[in-house]
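Peer 1: please find the sequence and the predicted model below.
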Amino acid sequence: MRKFDYFQPTDIHFGCERVEEVGKVVSRYGNRCLLVTVPVFDAIEDMVKKVKYNLKKAGIEYVHYDGAIPNPTTEAVAAGTKIAKNFGADIVLGLGGGSSIDTAKAVAVEATHDGSCWDYLFFRETQPTQKTLPIIAVTTTAGTGSHVTKVSVISNSTEKRKSAIVNPNLYPKACIVDPLLTLTVPEHITASTGFDVFTHAFEAFIHKNTSPYVELVAKESIRLLSKYLYIAVCDGSNLEARTAMSWADTLAGLSITNAGTTLPHGIGQAISGYYPHISHGESLAVIYPEFMNFTYESSCSKFAILAKILDSNLEGIDNKVAAKESCSLITDFLKKISMYTSLKDLKVSENKLEIIADFSMELPDYLYNPKVATRDDVLEILKSAYNR
């Protein structure tokens, strides 16, 4: 067994009704809190009120920034930062899906460092320091795993690029994973964020820097997702399915923060960076069938494991046969959860595929894929996904 490290500093509070403890958790790290959410709508109004009540009950002063948006932008982060500074926030609480939590992380950096959060991307010489405000995450979707990672994904509207801050100072000090908070998530968002869970687990599983620990955790996430995502999509009130998906999401987050993602994430980031109306899960789902066909022969044993999780009838089948079968199984799974689509359906212009291919090579994810793609390979994947 080769050498490996596994690190998880976030204090995880998992289970139903754990959101009631949010004030107590926040009070361990600060007493002037910036609460970050998307604009409040009916489905989350009671949830937000409950969090505010528990913050007040614990003696926490807070101010609410409700400007988080899907594919969070530098402008949204700057607006939150201004509020945090004016208030004198000493802690940031992200309540919501990945967009809210990633915004909270970026604000925690920008509020305590010179310049913009965009100045602290993973490849920059200057990185976030320990001055970064403490971050608490309360996740309300089973999707991004951001509540246990050191990553904040941000878009630059001017450059039409999407990139990430990746630094240990972005690990939330604590997270609350309360499956009850996911019961009101709509069907399509359940499917989109749920498929993101799968991609995190599977890409960490096949990543060149994976480890036995990551493989163990990632396989359990895939197993849970293969059983429960469709149930959660069809019946959002099914608490067993929602709980399983919340745990699968947490496991997948632990997987990517210790290994990473591969080819699809670089392409997906480029797609949704250029077209912000496309969600992260949609940008992954649209190219996954092509990614599977491109990669499976370079990692037959692991693609075969995936196939046998998705279809137990393949147990005992030769790995090469099972690995090839995994491609059609993922296509079938996408169709089952209504996530099988094309770039054309997502209103991507065919004449922009060249630019997206170029942007896809800016993130290093493709280098850790079992089969390393060239820019021309990526363009072929995009062309194939354009009009299926």
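Peer 2: Looks like it came in fine.
Peer 1: would you quantify the distance from Tyr65 to Thr144?
Peer 2: Remark: distance between Tyr65 and Thr144 (Cβ to Cβ, to the nearest Å) = 19 Å. C-beta: built from backbone N, CA, C; applies to glycine.
Peer 1: which residue is nearest the middle of the protein?
Peer 2: Thr144 (2.3 Å; Cα atoms, centre = their mean).
Peer 1: mind pulling up the pLDDT for Arg388?
Peer 2: We have a pLDDT of 82 for Arg388.
Peer 1: dump the residue contacts of it.
Peer 2: 289, 342 (Cβ atoms under 8 Å, 6 or more residues apart in numbering).
Peer 1: ok, now how distant is it from Asn351?
Peer 2: From Arg388 to Asn351 the distance is 18 Å (Cβ to Cβ).
Peer 1: same thing with Ala218?
Peer 2: On the measure of Cβ to Cβ, Ala218 and Asn351 end up 37 Å apart.
Peer 1: and for Tyr6?
Peer 2: 45 Å.
Peer 1: looking at these two, which is more packed in?
Peer 2: Using other Cβ atoms under 10 Å, the more surrounded residue of Tyr6 and Asn351 is Tyr6, with 13 against 7.
Peer 1: the residue nearest to the more buried one when sequence neighbours are not counted: which element?
Peer 2: Excluding its sequence neighbours, the residue lying closest to Tyr6 (Cβ to Cβ, 6 or more residues apart in numbering) is Tyr213, at 4.6 Å. Using DSSP states H and E, Tyr213 sits in helix 212-234.
Peer 1: what are the buried residues along that helix?
Peer 2: 214-215, 217-226, 228-230, 232-233 (16 or more other Cβ atoms under 10 Å).
Peer 1: what's the answer for stretch 283-299, then?
Peer 2: 283-296, 299.
Peer 1: ends of that stretch, how far apart?
Peer 2: 23 Å (Cα to Cα, to the nearest Å).
Peer 1: what does it contact?
Peer 2: By Cβ under 8 Å, 6+ apart, stretch 283-299 touches 192, 195-196, 199, 206, 263-265, 267-269, 271-272, 278, 303, 323-324, 326-327, 330-331, 334, 339-343, 346, 369-371, 373, 377, 380-382, 384-385, 388.
Peer 1: how far away from the center of its chain is it?
Peer 2: 18 Å (Cα atoms, centre = their mean, to the nearest Å).
Peer 1: what mean pLDDT does it have?
Peer 2: 98.
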